[in-house]
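**Student:** Could you work out the structure for the sequence below:
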Amino acid sequence: MDSPGRKDGGTVEMNRFYVDKKQILGEWVRITGEDVRHITKVLRLVTGDPVVICDGDNTDYEGVIERVGKDEVKVRLGKASRSGTEAPVELVLYQAIAKGAKMEFIIQKGTELGVAAFVPVITSRTVVRLEDWRDTRKKLQRWQRIAMEASKQSRRGEIPVMRPPMDFDKAIEEMAGYGLALLLHAGERDTSIGAIPGPVGDYADIGVMIGPEGGFSDDEVKRARDKGIDVVNMGPRTLRTETAGMVIAAILMYRFGDLGGRG
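**Tutor:** Prediction:
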């Protein structure tokens, strides 16, 4: 659930809860799980209180609590509208898997900035190794939970997708199909991120790849260029892998998305 209703410039923000679209049955939705305790014990909401329900697919519903039970809260749904918090560009972050808390930080902050999906990438210098499918699944589940919590906090209309890991060559093959595909490389001397052309609306989707702590190898950079991916630098200072993703997401969302209040 989002933070409790609050006043901001005189406007009261409604308590907002996320549900799976499958939980919405006609004009009704049943809220279950941890949100029930939050509704009843923390917020102390009761029958007749208004709420907002988000289906995680960019749609918000006006709602009124009809029944409060021990294990579920039943809400009658009213008017539906677009959430209005999703960017006009789909930004997908291809992130070389970083160690522990760094990867979690990247996912959390990337979600807040509007990243639509995260793809963990295994490069030649990636230190973190996924031992088996069980280990991979466990990490993906944790990363997806972090994306969910960050979506709630930032009032996203959609929850970013945490996609399965892929190797470098498969990633650049996929990225080649985007309207704009970028690989950040500190060793690039000729092209900076500022040289990428275009105003808001020029790109429907953007894929950007961030390297591991040790950066990309020269051969990986060459293979990316051969696929038509733009290799760019972020300026004269070398950024950590957990910093680079946040900086590039902010820049791209400002130039081609809605960061800064456009639209």
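**Student:** Residue ranges of each domain in the chain, please.
**Tutor:** 7-82, 90-256 (automatic domain parsing).
**Student:** in the stretch 51-200 of the chain, which spans are strands?
**Tutor:** With DSSP state E, counting those that start in this stretch, the ranges of strands along the stretch 51-200 of the chain come out as 59-68, 73-82, 90-96, 117-122, 161-162, 166-167, 180-184.
**Student:** where in the stretch 1-150 of the chain is pLDDT low?
**Tutor:** In the predicted model of the stretch 1-150 of the chain, residues 1-12 satisfy pLDDT under 70.
**Student:** How about the secondary structure of the nearest residue to His185 once chain neighbours are set aside?
**Tutor:** Nearest non-adjacent residue to His185, counting by C-beta to C-beta, 6 or more residues apart in numbering: Val231, 5.1 Å away. All C-beta atoms are positioned from the backbone trio N, CA, C, and that covers glycine. When classified by DSSP: H, G, I helix; E, B strand; the rest coil, Val231 comes out as strand.
**Student:** what bridges to Val231?
**Tutor:** Applying DSSP bridges to Val231 yields these beta-bridge partners: Leu183.
**Student:** Now do the same contact list for it.
**Tutor:** Counting by C-beta atoms under 8 Å, 6 or more residues apart in numbering, Val231 makes contact with Leu182, Leu183, His185, Glu188, Thr191, Val221, Ala224, Arg225.
**Student:** and what of Glu220?
**Tutor:** Shown in contact with Glu220 (C-beta under 8 Å, 6+ apart): Thr123, Ser124, Phe168.
**Student:** State the distance from Pro120 to Ile229.
**Tutor:** Applying C-beta to C-beta, to the nearest Å, the value for Pro120 to Ile229 is 18 Å.
**Student:** neighbour count winner among those two?
**Tutor:** Between Pro120 and Ile229, counted using other C-beta atoms under 10 Å, Pro120 has the larger neighbour count: 26 against 22.
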